[in-house]
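# Make a model of this:
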Amino acid sequence: MNKSLATAVVIAAGFAGFQANATEGGGNAYPNGAEGFMSGALPPQGLYYQNYLNHYTVNKVTDADGDNTGTDINLQATADVSRFIYMTDKKLFGADWGMYTTIPLVHLSGEVAVNGTPVVSSTTSGLGDISISPLMLGWHTPNFHYAFALEVTAPTGEYNMTRFANPGRNYWVFTPVFVATYLNNGFEASAKFMYDFNGKNDDTDYKSGQEFHFDYAVGYHLNNLTLGVAGYYYQQLTGDKQNGQKYLDGYKGKAFAIGPAVKFDTAAGYSVELRYQTEVSTENKPEGDKFWLKFTTRL
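The predicted structure follows:
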């Protein structure tokens with residue numbers, strides 16, 4: 001099997017969710033780049049709703065050196081994600097205590113070919129893997145806001161090991177999360193740091209490695225308008241295993257993305273944020289471009 005065909009088979013084995021990196025099938029549970037401005041500033045007590053509309057287009061696959069494998073790939077992934085946040089009036093360790101759940105609906109369509117010959121193609125839609133955090137703690141100072149959460153992602157999405165595109169990943173994921181925002185005289189720097197502990201896919205006996213990744217945004221506030229750049233960094237720190245053995249060389253992935261971002265806060269109390277991100281450096285993963293539309297309001 002040549003290198004391009006081998007890569008195509010790996011991707012075809014399980015392109016899941018609406019984000020692609022290394023690990024099984026090239027995907028991971030969290031949609032990198034989802035968060036942008038003011039990510040570390042938790043809101044006051046109350047119930048909030050956020051909607052994330054994401055479209056991700058993949059046009060090539062890179063190897064361990066970041067070079068194009070030559071695999072012909074055309075993947076389109078669209079997701080509409082609802083996130084409900086409830087901030088209580090309780091304090092814990094001096095922090096505001098909240099909780100949240102994230103519910104994705106995904107549509108996946110794609111084809112992988114080698115030397116012009118299709119290897120596999122698929123189109124599917126459905127509920128993705130739901131994430132929940134019963135423990136989210138936020139602290140605030142005049143210029144610095146930060147929060148910590150423990151998040152669990154359950155394998156609620158549909159999964160079929162013989163299908164190219166799957167809404168779900170078929171394993172549990174446990175993620176400690178740290179978010180922070182620095183704001184001073186209109187300047188803002190925000191980041192969301194995550195570390196994923198992936199469970200095993202029992203259908204394929206495949207265990208994806210541990211992943212470190214963070215979203216970032218840097219911008220300047222002009223009254224109700226924020227302008228800047230946003231993106232993400234991703235690196236898989238431990239190797240993949242299948243049937244208890246290291247898969248290939250561990251199939252560790254890496255990615256960096258950047259692009260323009262704009263956020264508008266309205267007098268009515270809701271905000272709209274637009275972001276475009278292009279993956280400028282990747283290893284062992286599909287590479288493409290993302291568009292984000294994020295809406296936030298208090299219920």
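# Would you state the strands of the stretch 1-150 of the chain in chain order?
Listed in chain order, the strands of the stretch 1-150 of the chain (DSSP state E, counting those that start in this stretch) span 15-16, 46-61, 72-92, 95-114, 117-127, 131-140, 144-153.
# Show me what the fifth one is packed against.
Okay, so that is strand 117-127. Judged by 3 or more CB pairs under 8 Å, 6 or more residues apart in numbering; DSSP states H and E, strand 117-127 is in contact with helix 3-12, strand 95-114, strand 165-166. Bear in mind the C-beta positions are built from the backbone N, C-alpha and C, glycine included.
# next one: the second one
Applying 3+ CB pairs under 8 Å, 6+ apart, we find strand 46-61 packed against helix 3-12, strand 72-92, strand 286-298.
# The last one now?
Using 3+ CB pairs under 8 Å, 6+ apart as the contact criterion, the neighbours of strand 144-153 among helices and strands are strand 95-114, strand 131-140, strand 173-184.
# angle of that strand against strand 95-114?
Computed by axes from the mean of the first three to the mean of the last three CA atoms, to 10 degrees, the angle separating strand 144-153 from strand 95-114 equals 60 degrees.
# Strand 144-153: which residues count as buried?
Residues His145, Tyr146, Ala147, Phe148, Ala149, Glu151, Thr153 are the ones in strand 144-153 that count as buried (16 or more other CB atoms under 10 Å).
# Farthest-apart pair in the residues you listed, please.
Spatially, the most separated pair among these is His145 and Thr153, at 24.8 Å (CB to CB).
# got any ranges where the stretch 51-200 of the chain has weak pLDDT?
Within the stretch 51-200 of the chain, the ranges that satisfy pLDDT under 70 run 164.
# 90 - rerun?
Counting by pLDDT under 90, the ranges of the stretch 51-200 of the chain that qualify are 58-75, 109-123, 158-167.
# ok so, going back, what's the closest of the strands of the stretch 1-150 of the chain to Ala267?
strand 46-61 (17.5 Å).
# what angle separates the closest one from strand 72-92?
160 degrees.
# Can you list the strands that strand 46-61 pairs with?
strand 72-92 (antiparallel), strand 286-298 (antiparallel) (DSSP bridges).
# Quick one: mean pLDDT for the last one?
In this case it means strand 286-298. Averaged across strand 286-298, the pLDDT comes to 95.
# Just name the closest of the buried residues of strand 144-153 to Met194, please.
Using CB to CB, the buried residues of strand 144-153 come closest to Met194 at Glu151, 8.0 Å.
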